[in-house]
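Asks: Need a 3D model of the following:
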Amino acid sequence: MADTAAPNGNGAQDGDLTPAINALAQYTKDLSFENPNAPRSLQPQEGGPQINIQVNVNASQLAEADFEVELSLEGDAKIKNDVLFKFELKYGGVFRMRNIPQDQIHPAVMIECPRLLFPFARQIVAEAVRNGGFPPLYIDPIDFVGLYRQKMEEAQAAQGQGAPLAS
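Replies: Predicted structure coming up:
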């Protein structure tokens with residue numbers, strides 16, 4: 001007897017309970033690059049620059065199974081106190097969560113979705129820095145599991161500070 005379930009367009013059959021994260025869209029929400037001391041900053045410098053990068057992940061639910069995830073990358077490069085360049089990127093995506101247990105949706109949204117966005121955001125930053133006259137800045141891979149755990153610990157500590165003491 002033939003299987004009568006129709007394909008759903010994702011290579012799976014309707015009724016398939018395989019967990020899946022589908023990227024529906026990806027986009028640059030905001031991109032800023034500053035080279036405040038050009039052309040002086042483009043001259044050969046003694047020693048390498050100190051590079052600072054901050055990473056943040058935010059998410060919001062758009063529909064029952066759809067989430068917008070925003071990966072924010074901010075950074076700068078300095079030699080001593082002279083700023084060579086600064087950048088800020090907010091890179092977003094819309095993701096659909098299918099067949100993921102309710103208790104696993106938050107970690108999936110905050111870990112797996114930014115992990116999928118990161119290579120694209122990394123390339124945008126590298127090209128912006130290169131277009132600013134510097135060698136491309138290839139950001140090292142980010143441990144989104146560690147970042148998630150850190151944010152959860154900070155949230156728990158903040159809740160603990162606001163709670164009244166038991167007598």
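Asks: For the chain, name the helix or strand with the lowest mean pLDDT.
Replies: Ranked by mean pLDDT, DSSP states H and E, the weakest helix or strand in the chain is helix 144-162, scoring a mean of 86.
Asks: so where's the protein uncertain?
Replies: Scanning the chain for pLDDT under 70 picks out 1-15, 161-167.
Asks: Could you state which residue of it sits nearest its centroid?
Replies: Leu71 (2.8 Å; C-alpha atoms, centre = their mean).
Asks: any idea which helix or strand comes after the helix or strand where that residue lies?
Replies: Using DSSP states H and E, Leu71 sits in strand 66-79. Reading on from strand 66-79 to the C-terminus, the next helix or strand found by DSSP H and E is strand 82-98.
Asks: need the next SSE after that next one, C-terminal direction.
Replies: Moving toward the C-terminus from strand 82-98, the next helix or strand (DSSP H and E) is helix 102-107.
Asks: any idea of the angle the next helix or strand after that next one forms with strand 82-98?
Replies: With elements assigned by DSSP H and E, the helix or strand that comes after helix 102-107 is helix 113-131. Computed with axes from the mean of the first three to the mean of the last three C-alpha atoms, to 10 degrees, the direction of helix 113-131 lies at 150 degrees from that of strand 82-98.
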